[in-house]
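K.L.:
need a structure here:
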Amino acid sequence: MKISASIYSDKKRPLQEVIDDLVEHQVDLLHVDCNDDLSVFEDIKKIREICNVPIDLHIITEEPSKYYEPLRENPVEYITFQYEDLKEPLTIPEDILGKKGIAVITPTSVDIFEEFSSYDFILIMATIPGQSGGKFDTYNFAKIREFRNKYPGKSIHVDGGVNAEVSFILRNMGVTSAVSGSYLFNAASIGNALMNLTKRDVESQYKVADFMIPLTEAPKVQLSELSLENVLTTIDKGKLGFTLVIDEEQRFKGLMSNADIRKGLLRNLTDLNEMNPANCVNESPTVVLDSATVFEMLQLIKKSTFSMMYLPVVDEEGFAKGIVTFVNLIKGEL
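P.N.:
Modelled structure (predicted):
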């Protein structure tokens, strides 16, 4: 996941000093907020004179058309317009370079992206736009999952409240880029903050329940309906390589993975009709409590003697609550 440094969050130093510091610490992108102020392009010109770090421009305006010509003259790598402020149709001319995105605040549904399906990414504002230092609204974890499911080929950018812990969760969810402002510039040093944003060990305030895939969205099959066809169909639709097994009250009874089914088939090669899917259920996999913190989840993973691709989530009474997968995190680390 790329870290996009919000350059205006440092209000104590001149622009060149801020940019020099970020360049020295090899930040991925320079995030430039524009609250309907065309003079922002003077700063973009200065940035171009200082470095070649990609510019991530977020524009809040009622009239996007007045920005088209300045964007032609001062191309940037990422262009985002804030959806809620638009008073005219957003039709960015094709000759304007850079990847295109639409930004939405927390209450706005990701369904609006259907209007901009030709764009490259969505920017989810997890705090109030323009306010530095806000707390990440956990509702946006669900929005990220929803957008990922609806538009698997599009990128997700997130802005607001990104600290070390939120950064880890976003990487795990497959977010492409995260904007960081006050966290970067209020740290002892930018280098230290950047290291915290990309490291695997984090302090915790968020719970697994805040960002897990909930049971309603997870692949699952009831124990009473356990058949090879049901299991294979559920695993195929879930696209995660496994399914949870629950009873009628949604108590967690185990899971079945592709590997569990393969082992069952090998045991019954001489007569596959004798295969009983119930014998393939892993009844005691490693699970994590929905009340566990990110740090506690990581400690659980470290204690494991085998690599984990997913974790079933349960509550203290043994009811299934969802799953956490690590597929996106592994991809992001490659």
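K.L.:
Report the contact partners of the nearest residue to Asp20 once chain neighbours are set aside.
P.N.:
Spatial nearest neighbour of Asp20, chain neighbours left out: Ile50 (6.9 Å); criterion: CB to CB, 6 or more residues apart in numbering. The C-beta positions use only the backbone N, C-alpha and C, and glycine is treated the same way. Shown in contact with Ile50 (CB atoms under 8 Å, 6 or more residues apart in numbering): 16, 19-20, 23.
K.L.:
So which of these wins on neighbours?
P.N.:
The most crowded member of the contacts of Ile50, judged by other CB atoms under 10 Å, is Ile19 (23 neighbours).
K.L.:
wait, doesn't that one sit right on Ile47?
P.N.:
Yes. The criterion here is CB atoms under 8 Å, and Ile19 meets it with Ile47 at 6.0 Å.
K.L.:
Overlap in contacts, those two.
P.N.:
7, 30, 53.
K.L.:
in stretch 257-264, what's buried?
P.N.:
By 16 or more other CB atoms under 10 Å, the buried positions in stretch 257-264 come out as 257, 260-261, 264.
K.L.:
what about it, average pLDDT?
P.N.:
Rounded to a whole number, the mean pLDDT of stretch 257-264 is 89.
K.L.:
now stretch 114-128
P.N.:
Stretch 114-128 comes out at a mean pLDDT of 93.
K.L.:
So which residues make contact with it?
P.N.:
With CB under 8 Å, 6+ apart, stretch 114-128 has contacts from 58, 78, 80, 82, 90, 99-106, 110, 113, 134-137, 140, 143-144, 147, 151, 154-162, 176-177.
K.L.:
Same question for stretch 60-72.
P.N.:
33-36, 38, 41, 59, 79, 81-82, 85-88, 90, 92-93, 95-96, 98, 129-130.
K.L.:
Which members of these are classed as buried?
P.N.:
33-34, 41, 59, 79, 81-82, 85, 90, 92, 96, 98, 129.
K.L.:
Can you flag which of the residues you listed belong to helices?
P.N.:
Secondary structure defined by DSSP state H assigns Phe41 of the buried ones among the contacts of stretch 60-72 to helices.
K.L.:
got the residue ranges for the helices in this protein?
P.N.:
Counting by DSSP H, the helices of the chain are 15-24, 40-50, 68-73, 139-150, 164-172, 182-185, 190-198, 208-211, 228-238, 258-267, 294-303, 327-333.
K.L.:
nearest residue to Asn149 other than its sequence neighbours?
P.N.:
Asn149's closest residue in space is Glu217 (CB to CB, 6+ apart), at 7.9 Å.
K.L.:
what residues are up against the closest residue to Ile235 other than its chain neighbours?
P.N.:
Computed as CB to CB, 6+ apart, the closest residue to Ile235 that is not its neighbour in sequence is Thr243, at 5.1 Å. Shown in contact with Thr243 (CB under 8 Å, 6+ apart): 219-221, 231, 234-235, 255-256.
K.L.:
one step back: selection in PyMOL covering whichever of the contacts of stretch 114-128 are buried, please.
P.N.:
Applied in PyMOL, the following selects the buried portion of these according to 16+ other CB under 10 Å:
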select buried, resi 58+78+80+82+90+99+100+101+102+103+104+105+110+113+134+136+137+140+143+144+147+151+154+155+156+157+158+159+160+161+162+176+177
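K.L.:
any idea which of the buried residues of stretch 257-264 is closest to Tyr206?
P.N.:
Nearest to Tyr206, judged by CB to CB, of the buried residues of stretch 257-264 is Ser257 at 27.2 Å.
K.L.:
Am I right that Ile301 is in contact with Met309?
P.N.:
No. Ile301 is not in contact with Met309 according to CB under 8 Å; the separation is 10.8 Å.
K.L.:
circling back to that earlier point, export the helices of the chain to CSV and tack on distance to Phe121?
P.N.:
Formatted as CSV, these follow (distance: least, CB to CB, whole Å):
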stretch, distance to Phe121
helix 15-24, 21
helix 40-50, 20
helix 68-73, 17
helix 139-150, 10
helix 164-172, 14
helix 182-185, 21
helix 190-198, 19
helix 208-211, 20
helix 228-238, 25
helix 258-267, 32
helix 294-303, 25
helix 327-333, 15
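K.L.:
To Phe319, which of those lies closest?
P.N.:
helix 208-211 (12.2 Å).
K.L.:
Can I get the closest one as CSV, trimmed to CA atoms?
P.N.:
Output of helix 208-211 as CSV, limited to C-alpha atoms (Å, rounded to 0.1, in the frame of the first residue of the first chain):
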residue,chain,number,x,y,z
VAL,A,208,-11.4,-7.6,15.0
ALA,A,209,-15.1,-7.1,14.9
ASP,A,210,-14.5,-3.6,13.4
PHE,A,211,-12.9,-4.9,10.2
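K.L.:
Which strands and helices lie in contact with that helix?
P.N.:
Applying 3 or more CB pairs under 8 Å, 6 or more residues apart in numbering; DSSP states H and E, one finds that helix 208-211 contacts helix 164-172, strand 320-325.
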